[in-house]
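Participant: Here is my input; please provide its structure:
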Amino acid sequence: MIRVKRREFAGDVCEQIVYSVKDGSGSLWRKERKPKFANQDERDSFNNAVSLRRFTKILNCFPATALYSTLTLGPEDECHDFEEAKILLNAYIRVLKYHYPDVRLVAVMGRGKHTHRIHYHIVSDGVPPEEIRKYWKYGTIQRVEPLREHNYYNGVDHGRDYSGLARYLHDHWTPEQGGRRRWKQTNNLIRPETEEPKVIKRNYTEHNPPRPPKGYKLVDTRAGKYGFIYFKYVKVPPKDKNCRR
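Facilitator: Predicted coordinates for the structure are as follows:
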């Protein structure tokens, strides 16, 4: 067996993965093996983790100009099921794309914890905030604001690491919504950049991580099944005395 590492950059976040491949396999690429599930709950938990990881990378690839919006439905357009809600969301996105063909966006639907009314969250880039408000005809927009430049996890500034927001939005999905994908996206999203895997000679462990890329700092380490070790780095954010925690 030989040890290999590869790096993937999603916006200001770098994930470095260390794993093993068989000698003479002919390829240094290796996909994570799915574990054997004891029951449906374990399967659902695994699929949820995979989906969240993918969604987090999508959000982290949004640029600093991106906006976060919360859209609600008015009394006349209130939807009681998600099939109706999808129709309104799709119509709104079509209007945005008509006026701003290069818009990049991700949208999720959910129900309010107390009101149980359906609402939407959208992360977008390429549409001015006033235009986001202008074309929403089905209710009110609670917020349109830039994504945070400083995100704190356990008291540590992760800069433009939106894993917290990603988890919050991803958890809006319920089986009631149906479908396999838990969000709607445009096809022109920025994709993570994955480097070619490299053979390594050092014995990296959770306590002996690889050196961070220049300008980055290590913020998380975890070991997965089948010998995978994940190292998470974030670009060192600029100091901002007025940043929000």
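Participant: SS state for the most centrally placed residue in the chain?
Facilitator: Central residue of the chain (Cα atoms, centre = their mean): Thr56, 1.8 Å from the mean position. Secondary structure, DSSP: H, G, I helix; E, B strand; the rest coil: Thr56 is helix.
Participant: which residue packs closest to it, ignoring adjacent ones?
Facilitator: Distances taken as Cβ to Cβ, 6 or more residues apart in numbering place Ala166 nearest to Thr56, at 4.0 Å, with adjacent residues excluded. Any C-beta I mention is one placed from the backbone N, CA and C, and that applies to glycine too.
Participant: Unless I misread the structure, that neighbour falls within a helix.
Facilitator: Yes: judged by three-state DSSP, Ala166 forms part of a helix.
Participant: okay, now the domains of this protein?
Facilitator: Following automatic domain parsing, one finds the domains of the chain at 2-39+192-235, 67-185.
Participant: sorry, back to before: neighbours around the residue nearest to Thr56, how many?
Facilitator: Using other Cβ atoms under 10 Å, Ala166 has 22 other residues around it.
Participant: same deal with the one 4 residues further on?
Facilitator: One way to gauge burial is a neighbour count; for His170, by other Cβ under 10 Å, it gives 19.
Participant: For it, report the pLDDT, please.
Facilitator: The confidence metric pLDDT takes the value 97 at His170.
Participant: That one contacts Phe55, doesn't it?
Facilitator: Yes: using Cβ atoms under 8 Å, His170 is in contact with Phe55, at 5.1 Å.
Participant: Common neighbours of those two, please.
Facilitator: Arg182, Trp183 (Cβ atoms under 8 Å, 6 or more residues apart in numbering).
Participant: can you pull the contacts of the residue nearest to Thr56?
Facilitator: The contact partners of Ala166, taken as Cβ under 8 Å, 6+ apart, are Leu52, Phe55, Thr56, Ile58, Leu59, Asn60.
Participant: What segments of this structure are strands?
Facilitator: Here the chain has its strands, by DSSP state E, at 2-10, 13-21, 67-72, 104-111, 118-125, 141-146, 152-153, 156-157, 184-185, 193-194, 198-200, 216-223, 229-235.
Participant: For the closest residue to His80 other than its chain neighbours, name its beta-bridge partners.
Facilitator: Once flanking residues are discounted, His80 sits nearest to Ile118: 7.9 Å by Cβ to Cβ, 6+ apart. Going by DSSP bridges, Ile118 is paired in beta bridges with Arg111.
Participant: what's the distance between Ile118 and Ala49?
Facilitator: To Ala49, Ile118 is 26 Å away according to Cβ to Cβ, to the nearest Å.
Participant: Settle it for me: which of those two has more neighbours?
Facilitator: Comparing Ile118 with Ala49 by neighbour count (other Cβ under 10 Å), the higher total belongs to Ile118, at 23 against 10.
Participant: quick one on the thing from earlier: you'd agree the residue nearest to His80 is up against Val108?
Facilitator: No: taking contacts as Cβ under 8 Å, Ile118 lies outside contact range of Val108: 11.1 Å.
Participant: Which one of the domains of the chain has the poorest average confidence?
Facilitator: It's domain 2-39+192-235: among these, that one has the lowest mean pLDDT, namely a mean of 88.
Participant: what distance separates the start and the end of that one?
Facilitator: For domain 2-39+192-235, the separation between the terminal residues is 29 Å (Cα to Cα, to the nearest Å).
Participant: residues contacting Leu147?
Facilitator: Counted by Cβ under 8 Å, 6+ apart, Leu147 has contacts Phe62, Ala64, Ala66, Leu67, Tyr68, Val123, Arg160, Tyr162, Leu165.
Participant: hmm, 6 Å instead?
Facilitator: For Leu147, the contact set (Cβ atoms under 6 Å, 6 or more residues apart in numbering) comprises Ala66, Tyr68.
Participant: With the one 10 residues further on instead?
Facilitator: The contact partners of Asp157, by Cβ under 6 Å, 6+ apart, come to His150, Pro237.
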